[in-house]
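Asks: Here's my sequence, what's the structure:
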Amino acid sequence: MAKVVCVLGMPHNPFHHRATRPPRESWTDDLRNMQDRFDAMRDRLRRARPDAIVSVGNDHFHQFFMDNMPTFIVGKMDRYDGTFYNEVREFDLPRVTIPGDATLSNRILDGLLRAGVDMAFSDELKVDHSIVVPLLFSRPELDLPIVPFMTNCVAPPLATAARFNAIGCALRKVLDELDDDRRIAVIGSGNLSLEVGGPLQFAPHPMDAAFDAQAVAWIANADVEGAARECTYERLVNAGNVSHGYLNYLLLLGVANDQRPTYAEGLGRKGSTQAYFAWEHV
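Replies: Here you go, the predicted model:
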């Protein structure tokens with residue numbers, strides 16, 4: 001049987017890669033603090049010794065649009081090209097090729113369908129910074145096969161917070177029952193309160209610090225009921241126009257069997273609070 005060896009949640013801030021390219025001694029304290037958390041995630045993943053990674057993220061209107069917007073979709077390819085032209089242009093992100101495992105993807109897809117989760121799938125999937133950035137900082141070798149598991153947390157109507165969590169629980173059950181002896185890590189990314197585009201994008205403070213503290217606490221305390229009750233679309237979008245990316249963290253909580261994480265932090269920094277979560281004994 002497969003073994004889930006860790007579940008990690010972290011930001012996918014696309015500016016961070018370019019910001020960390022100069023020598024470390026030139027970095028701001030803010031940048032250094034953020035990179036320290038990424039380094040700790042890399043160490044956690046290394047200690048877990050995974051053979052494959054399920055990567056949870058979302059498309060940013062790069063390949064899914066209002067004419068075709070899957071709620072939950074799994075990629076099933078043997079390799080994935082990463083980053084789109086505008087991410088290279090705007091953020092100086094590298095173009096990457098990441099190995100996949102179509103057989104593992106198909107087994108996960110089949111298991112979810114049998115469990116009553118009506119998944120979409122793609123044999124022509126490209127991954128953007130929601131998948132690429134966490135991997136660049138947690139596994140920069142990009143040597144482990146991934147199964148991209150992408151959600152719609154950007155274009156309403158969205159699945160509810162409770163449904164995101166339930167999908168995570170279903171995914172965990174499927175992973176636990178796989179006839180496969182590999183060690184599997186699950187890495188996901190999302191947001192807390194955040195505004196993208198418009199005059200508030202680079203505001204000197206988080207969009208909604210009270211929401212950020214509460215959102216981290218929901219995960220830290222494994223308070224699924226509280227999160228499901230409070231995380232309506234209206235509440236999330238009032239915290240910032242892309243704050244519904246937080247739903248991905250609730251999916252990770254489900255993958256961790258709705259257990260309290262071993263580490264949970266909302267790192268305060270200029271412009272936004274960055275969330276880091278780890279379940280190391282799951």
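
Asks: where along the stretch 1-150 of the chain do the strands fall?
Replies: Assigned by DSSP state E, counting those that start in this stretch, the stretch 1-150 of the chain shows strands spanning 3-10, 52-58, 72-75, 79-82, 96-99, 120-122, 146-151.

Asks: can you redo those as a markdown table with distance to Arg139, mean pLDDT and mean neighbour count?
Replies: Bear in mind the C-beta positions are built from the backbone N, C-alpha and C, glycine included. A markdown table is the format used below for the strands of the stretch 1-150 of the chain (distance: least, C-beta to C-beta, whole Å; pLDDT from 0 to 100; neighbours: other C-beta atoms under 10 Å):
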| stretch | distance to Arg139 | mean pLDDT | mean neighbour count |
| --- | --- | --- | --- |
| strand 3-10 | 10 | 98 | 24 |
| strand 52-58 | 7 | 97 | 26 |
| strand 72-75 | 17 | 98 | 22 |
| strand 79-82 | 13 | 96 | 18 |
| strand 96-99 | 10 | 98 | 16 |
| strand 120-122 | 22 | 97 | 16 |
| strand 146-151 | 9 | 98 | 26 |
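
Asks: Leu112: which of the ones you listed is closest?
Replies: strand 72-75 (7.6 Å; C-beta to C-beta).

Asks: which helices and strands sit right next to that closest one?
Replies: With contacts taken as 3 or more C-beta pairs under 8 Å, 6 or more residues apart in numbering; DSSP states H and E, strand 72-75 sits against helix 102-114, strand 120-122, strand 146-151.

Asks: In JSON lines: these, plus distance to Val186.
Replies: Shown next, in JSON lines, are the helices and strands packed on strand 72-75 (distance: least, C-beta to C-beta, whole Å):
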{"stretch": "helix 102-114", "distance to Val186": "11"}
{"stretch": "strand 120-122", "distance to Val186": "18"}
{"stretch": "strand 146-151", "distance to Val186": "8"}
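
Asks: And the ones you listed: which comes nearest Asp81?
Replies: Between Asp81 and the helices and strands packed on strand 72-75, the tightest spacing by C-beta to C-beta is seen for strand 146-151, at 11.4 Å.
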